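Trainee: Any chance you can model this:
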Amino acid sequence: MIFRYSKTFLKNYKKLPKTKQDKVNKQLIYLQENFHHPSLRTKKTQGRENTFEFRVNSHYRMTAEKQDEELVFKTVGPHDERLGKK
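Mentor: Numbering: from 1, shown residues only. Presented below is the predicted three-dimensional model:
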C-alpha cells in the first residue's frame, strides 16, 4: 500500500512533540505491515466512506482515506480535536 500525506497532516505532524512524532512513525510501520495491527485499533470512521481512524496512543489519533491502493493521511493529533469532535 502506498502512503500519501495531506498538507494538513504534515502541518499537524510537525507541531507534535518529538516523542509523539516517534510514536506516529512507529505506528506507520505497523500499518505498513498490517492494516489491522492490534496496536493501531483500526476502525472505520462513522459516516465517511473509506475513511479510517488509527490509534497513535491513548490520546492521539490519525485518520486516513483509502483510495484504491493508496492511503491518504488526512490528520493527526489529539483524539477529539483531530476528529472534529471539539
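Trainee: The residue nearest the centre of the chain: what's its closest spatial neighbour, skipping adjacent residues?
Mentor: By CA atoms, centre = their mean, the chain has its centre lying nearest to residue 62, at 2.4 Å. Spatially, and ignoring its direct neighbours in sequence, residue 62 is nearest to residue 76 (4.0 Å; CB to CB, 6 or more residues apart in numbering). C-beta: built from backbone N, CA, C; applies to glycine.
Trainee: what about the one you found, which SS state?
Mentor: Residue 76 falls in the strand class when you classify it by DSSP: H, G, I helix; E, B strand; the rest coil.
Trainee: And it, how close does it get to residue 70?
Mentor: 17 Å (CB to CB, to the nearest Å).
Trainee: Also residue 18?
Mentor: 28 Å.
Trainee: more crowded one of the two?
Mentor: residue 70 (12 against 7; other CB atoms under 10 Å).
Trainee: residues contacting that one?
Mentor: 1, 2, 3, 4 (CB atoms under 8 Å, 6 or more residues apart in numbering).
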